[in-house]
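**Student:** Dropping the sequence and predicted coords here.
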Amino acid sequence: MRADPGPALGAYFGEALPGEPDIQAFEARTGLGCSLVSYYWSWGLGCSETPIEFARAVLQAGRLPLLTWEPWRLPDAGRDPAVDPAFALTRVLGGDFDGYIDWFAGRLAALPGRILLRPMHEMNGNWYPWCGTTNGNRPEQFVAAWRRLRRLFARRGAWNARWIWCPYALSVPASCRNAIAEYYPGHDEVDLLGLDGYNWGSSRAWSRWQTFDELFGAAYRVLTLLGAKPVIITEIGCAETGGDKGEWLQEARARLDEDYSRIRAVVWFNVNKECDWRVDASPETLAAFRSSWASDRESRVAELLSSAR
């Protein structure tokens, strides 16, 4: 049972840069403070100010930016996104992207506040070109690439970046070689531990309805054994089909209080994409979310930042 008020609340609002009115509208609908705002950026888009502008705007609003930094090209229709030799881990380790990494680290270092940086997430899956079982990669190469990124950022003095190491809650494939712990770069190499997980319900032929514990329990236990760092659920969502989404949202909040005390923040993937993951997808789910979740934005941001050291 946790002693604190509960996890900070965050959300991802889509690919367009989230404006402050959009976030305020979400807070008004849910009645909750949104402490973290999530955004994604592909290395293949090059040296662009867009992710820097996102982070700066979020900081100016008194919120905490969570930037997921992805070494790939955004996939074209009909192309397997997990296979792209140009973004194999050997290319990262060989220094092919050092110029871009150096530029990006320098731009982040100039920002007036802390950034939550999540590079190469869900590395234990099989859907990205940096995953440890795709694109000719191996888990030990992921570890080496992570450490290389850290060294390059340190060289540019980007100490305001707080690094989130983030596997998916279920390894795909589920093999010993692809286990979560195989990718851990070490206690001194991470600031926060992340987890992603989705209850796909009956939305796919291969999926079924999962409880919060079925989805996150085993992976959470692995993370708590790896080290004492705070944990963030950096992506979470529940499908609309296969069960009662409102009950699932309420159950998730209750389970976080009962057995997941290390989780300091939960970031909802609040978009209608593969499924309608939004917590406000219907009046029923919105009412369930409002009744069970709570967040004081200002105090939760300060607490999260103090833990990410």
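**Tutor:** On my side now, so go ahead.

**Student:** Going by secondary structure, T90 is in what exactly?
**Tutor:** In this assignment (DSSP states H and E), T90 forms part of helix 89-93.

**Student:** Which SSE is immediately downstream of that helix?
**Tutor:** Following helix 89-93 toward the C-terminus (DSSP H and E): helix 98-109.

**Student:** ok now the helix holding T90, how far from the chain's centre?
**Tutor:** Its chain's average C-alpha position is 22 Å from that of helix 89-93, according to CA atoms, centre = their mean, to the nearest Å.

**Student:** May I see the buried residues of it?
**Tutor:** 89-92 (16 or more other CB atoms under 10 Å). All C-beta spots, glycine's among them, are computed from the backbone N, C-alpha and C.

**Student:** Which one of these is nearest to V58?
**Tutor:** V92 (26.9 Å; CB to CB).

**Student:** if you skip the residues just before and after it, what's nearest to that closest one?
**Tutor:** A145 (4.5 Å; CB to CB, 6 or more residues apart in numbering).

**Student:** quick one: contacts for the one you found?
**Tutor:** By CB atoms under 8 Å, 6 or more residues apart in numbering, the contact list for A145 reads 89, 92-93, 120, 130.

**Student:** Count the neighbours of V58 for me.
**Tutor:** 25 (other CB atoms under 10 Å).

**Student:** so what does the strand or helix carrying it touch, helix or strand wise?
**Tutor:** For V58, the host element (DSSP H and E) is helix 50-60. Packed against helix 50-60 by the contact rule (3 or more CB pairs under 8 Å, 6 or more residues apart in numbering; DSSP states H and E) you find strand 36-42, strand 64-70, helix 98-109.

**Student:** Can you give the distance of the last one from its chain's centre?
**Tutor:** Helix 98-109 has its average C-alpha position 21 Å from the chain's average C-alpha position, going by CA atoms, centre = their mean.

**Student:** ditto for the second one
**Tutor:** Put simply, strand 64-70 sits 8 Å off its chain's centre (CA atoms, centre = their mean).

**Student:** what's in contact with it?
**Tutor:** Here strand 64-70 makes contact (CB under 8 Å, 6+ apart) with 10, 35-43, 51, 54-55, 58-59, 104, 114-121, 128, 130, 164, 234, 267, 301, 304-305.

**Student:** In PyMOL, how would I select just the buried ones from the residues you listed?
**Tutor:** Applying 16+ other CB under 10 Å to the contacts of strand 64-70 leaves a buried subset, and the PyMOL line that selects it is:
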select buried, resi 10+35+36+37+38+39+40+41+42+43+51+54+55+58+59+104+114+115+116+117+118+119+120+121+128+130+164+234+267+301+304
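
**Student:** Any figure for the gap between the residue lying closest to L226 once chain neighbours are set aside and I232?
**Tutor:** Spatially, and ignoring its direct neighbours in sequence, L226 is nearest to Y184 (5.3 Å; CB to CB, 6+ apart). Separation of Y184 from I232 (CB to CB, to the nearest Å): 16 Å.

**Student:** And those two? Which one has more around it.
**Tutor:** Neighbours per residue (other CB under 10 Å) separate Y184 from I232, with I232 holding more: 28 against 21.

**Student:** Secondary structure element holding the residue nearest to V92?
**Tutor:** The secondary structure element spanning A145 is helix 139-155 (assigned by DSSP H and E).

**Student:** ok, then the element right after that helix?
**Tutor:** Past helix 139-155, the next helix or strand by DSSP H and E is strand 161-165.
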